[in-house]
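Engineer: Structural data only, the sequence is not supplied:
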C-alpha cells in the first residue's frame, strides 16, 4: 500500500532511540515514509542525570519529545498528533518500579491501565 499515509507513532520508553532507528531503517528499505514519530518520552526515575534522554534529544533535536514520568503524562500533553502507539517491552521500567519499592504487579496495574484509559 504505497499510497497509505505514514503511521503517526507515539514512542513510549524511547531509551536512546533504538526502536526509532529501526523504524527509520524500515522506511529506508521500503523506499517510503511508513512511520512518522510525532512524540516520544524517556524518563529514568532512579537517576538525576537523564543519560538516555540526552542521547535521544541530541539525535532527534527537532522533537517533540519529553523527559517526564510517563505515569504523569496526560492525553492532552500528547494531543491528537498520533494515531498509533508503539512501545517496546520495557524491562527497565519494571526494574525502576522495584527500585522505587513497587512490584511488577504495581507497574502493570498502574501504568498499563492508565495508558489504555488516558492515552490509547
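Structural biologist: Good, I have the coordinates. Predicted model only: the values in this text are computed from it and were never measured.
Engineer: Backbone dihedrals for residue 65, please?
Structural biologist: Main-chain dihedrals, residue 65, degrees, to the nearest 10: phi -150, psi 160.
Engineer: OK, contacts around it?
Structural biologist: Each residue near residue 65 by CB atoms under 8 Å, 6 or more residues apart in numbering is listed here: 14, 39-42, 53, 56-57. C-beta coordinates here come from the backbone N, C-alpha and C atoms, glycine included.
Engineer: hmm, 6 Å instead?
Structural biologist: residue 40 (CB atoms under 6 Å, 6 or more residues apart in numbering).
Engineer: For it, which residues count as its bridge partners?
Structural biologist: residue 40 (DSSP bridges).
Engineer: Which pLDDT value goes with residue 55?
Structural biologist: As predicted, residue 55 sits at a pLDDT of 96.
Engineer: Revised request: answer the last question for residue 26.
Structural biologist: Reading off the model, residue 26 has pLDDT 87.
Engineer: Run a quick neighbour tally on it.
Structural biologist: Counted with other CB atoms under 10 Å, the neighbours of residue 26 add up to 12.
Engineer: Spatially nearest residue to it (excluding sequence neighbours)?
Structural biologist: Nearest non-adjacent residue to residue 26, counting by CB to CB, 6 or more residues apart in numbering: residue 34, 6.2 Å away.
Engineer: Run a quick check on that neighbour versus residue 27, I expect a contact.
Structural biologist: Yes. When contacts are counted by CB atoms under 6 Å, residue 34 is listed as touching residue 27 (5.4 Å).
Engineer: quick one, which of those two is more surrounded?
Structural biologist: Shown here are residue 34 and residue 27; by other CB under 10 Å, residue 34 has more neighbours (18 against 15).
Engineer: Provide the backbone phi and psi angles at the more buried one.
Structural biologist: Residue 34 adopts backbone torsions of phi -90, psi -20, taken as degrees, to the nearest 10.
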